[in-house]
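Colleague: Need a 3D model of the following:
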Amino acid sequence: MKVFFNELFDYNFYCNKKIIESCIAMDTIPEKAQELFSHILNAHHIWNARIMGIPHKFDVWQSHAPKDWADIHYENQRNSFEITSTIDDFEKRIDFENSEGRLFTNTLQDMLFHVINHSTNHRAQIAVDFRANGIEPIVLDYVYYKR
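Modeller: Residues are numbered from 1 along each chain as shown. Model (predicted):
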């Protein structure tokens, strides 16, 4: 399971890094893309914090300057790898509060997969926003990453 999640987080890191590089090179980044990418970073950070049992520093829809994206992204990745490298029981259930203060329990495996799936979903929305703004989206399909 560790190898599987490390591979998925490598892919996630690659995709987010490509978006960061692409956006930093733009004269004007579409506003919706900026909101969505900040949200991707925030959600990843929040899920890591829940898993590690520590307070999170960011709100779900907090906006970040594009110049700060790479540092937040790197920290998220580092924390995710620490989680996947030190945990042996991916079926371990973890209690957490959502952003509305409701208590939930999920397995570590489900939480980690959610981070990846959530990021993929919002990267697809960023691709749609790019296209709507006349910007060619980046090809980030998993099979292309594996080639």
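Colleague: Show me how far the lowest-mean-pLDDT helix or strand in the chain is from its chain's centre.
Modeller: Across the helices and strands of the chain, mean confidence by mean pLDDT, DSSP states H and E is lowest for helix 142-146: a mean of 93. Relative to its parent chain, helix 142-146 has a centroid offset of 18 Å by CA atoms, centre = their mean, to the nearest Å.
Colleague: Please export the C-alpha coordinates of it as PDB.
Modeller: Taking C-alpha atoms only, helix 142-146 is exported to PDB below (Å, rounded to 0.1, in the frame of the first residue of the first chain):
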ATOM      1  CA  TYR A 142      -2.000   9.500 -15.600                       C
ATOM      2  CA  VAL A 143      -1.100   7.500 -18.600                       C
ATOM      3  CA  TYR A 144       0.900  10.400 -20.000                       C
ATOM      4  CA  TYR A 145       2.700  10.800 -16.700                       C
ATOM      5  CA  LYS A 146       3.600   7.100 -16.800                       C
END
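Colleague: helices and strands around that helix, which ones?
Modeller: helix 2-25 (3 or more CB pairs under 8 Å, 6 or more residues apart in numbering; DSSP states H and E). Quick note: C-beta positions are derived from backbone N, CA and C, even for glycine.
Colleague: buried ones in the helix it packs on?
Modeller: F5, L8, F9, Y11, N12, F13, C15, N16, I19, I20, S22, C23 (16 or more other CB atoms under 10 Å).
Colleague: which residues sit against the least confident helix or strand of the chain?
Modeller: For helix 142-146, contacts defined as CB atoms under 8 Å, 6 or more residues apart in numbering pick out Y11, Y14, C15.
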